[in-house]
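Chemist: how would this look folded up:
(4 chains)
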Number of protein chains: 2
Amino acid sequence: MLTIGKLGDAAGVKVPTIRYYEQIGLLPEAERSAGNQRLYGCKALERLAFIRHARDLGFTLEAIRDLLSLSDNPDQSCAAADAIARSQLVEVESRLARLTALKSELERMVVQCAGGKIADCRVIEVLGDHSLCATDHRHPEAEARQ
Amino acid sequence: MLTIGKLGDAAGVKVPTIRYYEQIGLLPEAERSAGNQRLYGCKALERLAFIRHARDLGFTLEAIRDLLSLSDNPDQSCAAADAIARSQLVEVESRLARLTALKSELERMVVQCAGGKIADCRVIEVLGDHSLCATDHRHPEAEARQ
DNA sequence: CTTGAAGCTATAGTTGCTAGAGACATTAGA
DNA sequence: TCTAATGTCTCTAGCAACTATAGCTTCAAG
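Modeler: Got it, this is the predicted structure:
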């Protein structure tokens, strides 16, 4: 049996994050020791590693919740899991495209900065005037989230 | 003079976002009409466009605050603005690398999904076992934030 | 002059955690 | 065996960067 700290170390997840996952129902309520401390077996470790890995891959907690409920019922078709992964892929591809445009814009910005005064600074100028951009890197839903 | 709605349309920023920017001090307090509605001139539009553009480029509001204070004092050296842009570029490059690894992992996942039952689903399997990964797409500070 | 859109304030919710306070549990060393 | 250090507990609040809701007022078009 693992304490929460050991579990966290094993899965690469911080302790408060584990408690948070339990709180939102992503992990089941853990067994408790005589002194009320959480105890975990290896099923919990697997589940947490699954979550961690999916987070690494950019899945939202909602998507992970779906994937977990799928893997809890292994007799269904895997079309749903596939769909989730595919939509994740589409998202990643669009972010990739946007980031690439962004990168070239930033490169242009730093290359053009002649090291003079702000008044001549292309960084500020480019940011103030979108029409100076080489590429269109705008995006309706800003890519802030996730 | 523009109302807040027109300003938002012109700059591509939603109305509550403009009020939010004012609230956190990124935009100065707007003039008001007789009926207490905000009114903006073209300086406000320029400033908002600057913010929007910088957000598009992935700058945090804090970085934007710095850039704005730089552009408000155009007599300094532009080294500071340049440094902000450069550090932003470094960040973007690292995110780009990570996203690329991630994308190929997702591609592998969906390609390998045979369309059978969950029990055989590679999507679920790969998520449960990191050792099945082709690349290391892990990251200490998850790339969640911006 | 009326009606509907757009504006106002204020508050609370979102995602995915992270940080802090103050109390209890466990474990390693003297 | 005692003690000190570390780990864990609950609870609450905070972070970015908005978004949404409620209940009201103002404005512009027909």
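
Chemist: Could you check which residue of chain A lies nearest DNA strand C?
Modeler: In chain A, the residue that lies nearest DNA strand C is residue A:35 (2.1 Å; CB to the nearest atom of the strand). C-beta here means a position set from N, CA and C on the backbone, and glycine is covered the same way.

Chemist: which residues in chain A form helices?
Modeler: For chain A, helices defined by DSSP state H occupy the ranges A:4-11, A:15-23, A:42-56, A:61-72, A:79-112, A:122-128.

Chemist: hmm, back to that, quick one: the residue of chain A closest to DNA strand C from residue A:3, how far?
Modeler: Distance, residue A:35 to residue A:3, by CB to CB, to the nearest Å: 11 Å.

Chemist: When those two are compared, which one has more neighbours?
Modeler: Shown here are residue A:35 and residue A:3; by other CB atoms under 10 Å in any protein chain shown, residue A:3 has more neighbours (15 against 5).

Chemist: what's the pLDDT at the residue nearest to that one when sequence neighbours are not counted?
Modeler: Spatial nearest neighbour of residue A:3, excluding adjacent residues (CB to CB, 6 or more residues apart in numbering or on different chains): residue A:37 at 6.2 Å. For residue A:37, the pLDDT comes out at 96.

Chemist: separation between residue A:59 and DNA strand D?
Modeler: 18 Å (CB to the nearest atom of the strand, to the nearest Å).

Chemist: Name the nearest residue to residue A:64, sequence neighbours excluded.
Modeler: In space, and not counting its chain neighbours, residue A:64 is closest to residue A:54: 4.7 Å by CB to CB, 6+ apart.

Chemist: Count the residues that sit near the one you found.
Modeler: Quick note: residue A:54 (other CB under 10 Å) scores 24 neighbours.

Chemist: just residue A:90 next, same as before
Modeler: 11.

Chemist: OK, contacts around the closest residue in space to residue A:96 that isn't next to it in sequence?
Modeler: Nearest non-adjacent residue to residue A:96, counting by CB to CB, 6+ apart: residue B:99, 5.0 Å away. Counting by CB atoms under 8 Å, 6 or more residues apart in numbering or on different chains, residue B:99 makes contact with A:92, A:95-96, A:99, B:143.

Chemist: List just the nearest of those residues to residue B:67.
Modeler: Proximity of these to residue B:67 (CB to CB) peaks at residue A:99, which lies at 19.8 Å.

Chemist: Could you tell me which ranges of chain A sit under the pLDDT cut-off?
Modeler: Scanning chain A for pLDDT under 70 picks out the ranges A:114-116, A:118-119, A:121, A:123, A:129-146.

Chemist: Pop out the phi and psi values for the residue minimising distance to the centre of it.
Modeler: Residue closest to the average C-alpha location in chain A (CA atoms, centre = their mean): residue A:58, at 3.6 Å. Main-chain torsions, residue A:58, degrees, to the nearest 10: phi 90, psi 10.

Chemist: Residue A:46: how many residues sit nearby?
Modeler: Neighbours of residue A:46 under the rule other CB under 10 Å: 14.

Chemist: Now do it against residue A:27, distance only.
Modeler: Here residue A:46 is placed at a distance of 11 Å from residue A:27 (CB to CB).

Chemist: what does residue A:85 give?
Modeler: Taking CB to CB as the measure, residue A:85 falls 22 Å from residue A:27.

Chemist: Equivalent analysis for residue A:122, please.
Modeler: The gap separating residue A:122 from residue A:27 is 50 Å, by CB to CB.

Chemist: Over to residue A:101?
Modeler: 39 Å.

Chemist: care to break chain A down by domain?
Modeler: A:4-59, A:79-132 (automatic domain parsing).

Chemist: follow-up on the earlier one: confirm for me that the residue nearest to residue A:3 is in contact with residue A:6.
Modeler: No: between residue A:37 and residue A:6 there is no contact under CB atoms under 8 Å: 11.2 Å.

Chemist: Let me know the distance separating residue A:108 from residue A:122.
Modeler: Using CB to CB, one obtains 8 Å as the distance from residue A:108 to residue A:122.

Chemist: cool, residue A:69 as well?
Modeler: Counting by CB to CB, the gap from residue A:69 to residue A:122 is 51 Å.

Chemist: Please say which of these two ends up with more neighbours.
Modeler: A side-by-side neighbour count of residue A:69 and residue A:122, using other CB under 10 Å, places residue A:122 first with 20 against 11.
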